[in-house]
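*Asks:* Using only what follows, build the 3D model:
(one chain, ligands or ions: 1)
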Amino acid sequence: MTSSDVAQVDKGVRAEASGRPTRAEAEQAVETLIRWAGDNPLREGLLATPKRVVNAYESFFSGYGQDPVELLQRTFEEIDGYDEMVLLRDIRFESHCEHHMLPIIGRAHVAYLPKKRVVGISKLARVVETYARRLQIQEKMTAQIANSINEVLEPQGVAVVIEAEHQCMTTRGVHKPGVAMVTSRMLGRFRSDARSRREFLSLIGSASGARGLQGA
Ligand SMILES: [Zn+2]
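*Replies:* Have a look, this model is predicted:
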């Protein structure tokens, strides 16, 4: 995937979102769900609920209006040959699964090995947040974060590990609380060089449950 591909996909996502229903229609849909659940949307406690839910959705899904490529565009090239790992660990995020629209809550660890440029460290967290605030599956989100950093910064390597709990597993379906799903995407030197990968995995720590990935 090139960075223009990434931008293209993002535009596609936004173009579809532009055929957007009005806020009143969205509130109407919430009201329908309340009635479907078996309650009366006109009782006092529920009167403002559709409005609150739509406000919450605005924040949960604000990632559709943000472009991760643009976020990463502002880079710094005066790095005096720095070519060691840059790692941002334990980036907490909240996302929503695209199958049940229930929360996915977890942490992302993002690292890259700079070649010519570095990016402000907060930008890495913003990229995680942008992809998290969309309907997601964890595997895709992991790949999107790694790919966008790889395409824009052109580093020697990118590593992303995400561990998260999916409420569609803990509050419904198989009801298995405490189960974390771990996904990873290693590009460039993190993929080809076991030592770089091991260094990354040991820096993110054994708490991550990512230990099993060391031999991968
Ligand atoms: Zn789900």
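*Asks:* in this structure, which spans are strands?
*Replies:* 75-76, 86-97, 103-113, 118-119, 135-136, 157-166, 181-188 (DSSP state E).
*Asks:* TSV for those strands, including mean pLDDT?
*Replies:* Below are the strands of the chain laid out as TSV (pLDDT from 0 to 100):
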stretch	mean pLDDT
strand 75-76	84
strand 86-97	97
strand 103-113	97
strand 118-119	92
strand 135-136	98
strand 157-166	97
strand 181-188	97
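*Asks:* In a markdown table, list those strands along with distance to residue 128.
*Replies:* Backbone N, C-alpha and C define where each C-beta goes, glycine included. Output for those, formatted as a markdown table (distance: least, Cβ to Cβ, whole Å):
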| stretch | distance to residue 128 |
| --- | --- |
| strand 75-76 | 18 |
| strand 86-97 | 5 |
| strand 103-113 | 5 |
| strand 118-119 | 13 |
| strand 135-136 | 11 |
| strand 157-166 | 9 |
| strand 181-188 | 13 |
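*Asks:* so can I have CSV of these showing distance to the ion and mean neighbour count?
*Replies:* CSV is the format used below for the strands of the chain (distance: least, Cβ to the ion, whole Å; neighbours: other Cβ atoms under 10 Å):
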stretch, distance to the ion, mean neighbour count
strand 75-76, 36, 13
strand 86-97, 3, 18
strand 103-113, 8, 23
strand 118-119, 32, 20
strand 135-136, 10, 18
strand 157-166, 6, 24
strand 181-188, 11, 19
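*Asks:* looking at these, which is closest to residue 36?
*Replies:* The minimum distance between residue 36 and the strands of the chain falls on strand 86-97, with 19.3 Å, by Cβ to Cβ.
*Asks:* what does that closest one contact?
*Replies:* Here strand 86-97 makes contact (Cβ atoms under 8 Å, 6 or more residues apart in numbering) with 60-61, 102-114, 118, 121, 124-125, 128-129, 131-138, 141, 164, 166-168, 200, 203-205.
*Asks:* Direction-wise, compare it with strand 157-166 and give the angle.
*Replies:* 40 degrees (axes from the mean of the first three to the mean of the last three Cα atoms, to 10 degrees).
*Asks:* Centre of the chain to strand 86-97, how far?
*Replies:* With Cα atoms, centre = their mean, to the nearest Å as the basis, strand 86-97 stands 7 Å off its chain's centre.
*Asks:* Check which strands are paired with it and give the direction for each one.
*Replies:* According to DSSP bridges, strand 86-97 forms sheet pairs with strand 103-113 (antiparallel), strand 135-136 (parallel).
*Asks:* Can you name the residues that contact the residue nearest the centre of the chain?
*Replies:* For the chain, residue 132 is the residue whose C-alpha lies nearest the centre (Cα atoms, centre = their mean; 3.1 Å). Residues near residue 132 by Cβ under 8 Å, 6+ apart: 63, 93, 94, 95, 104, 141.
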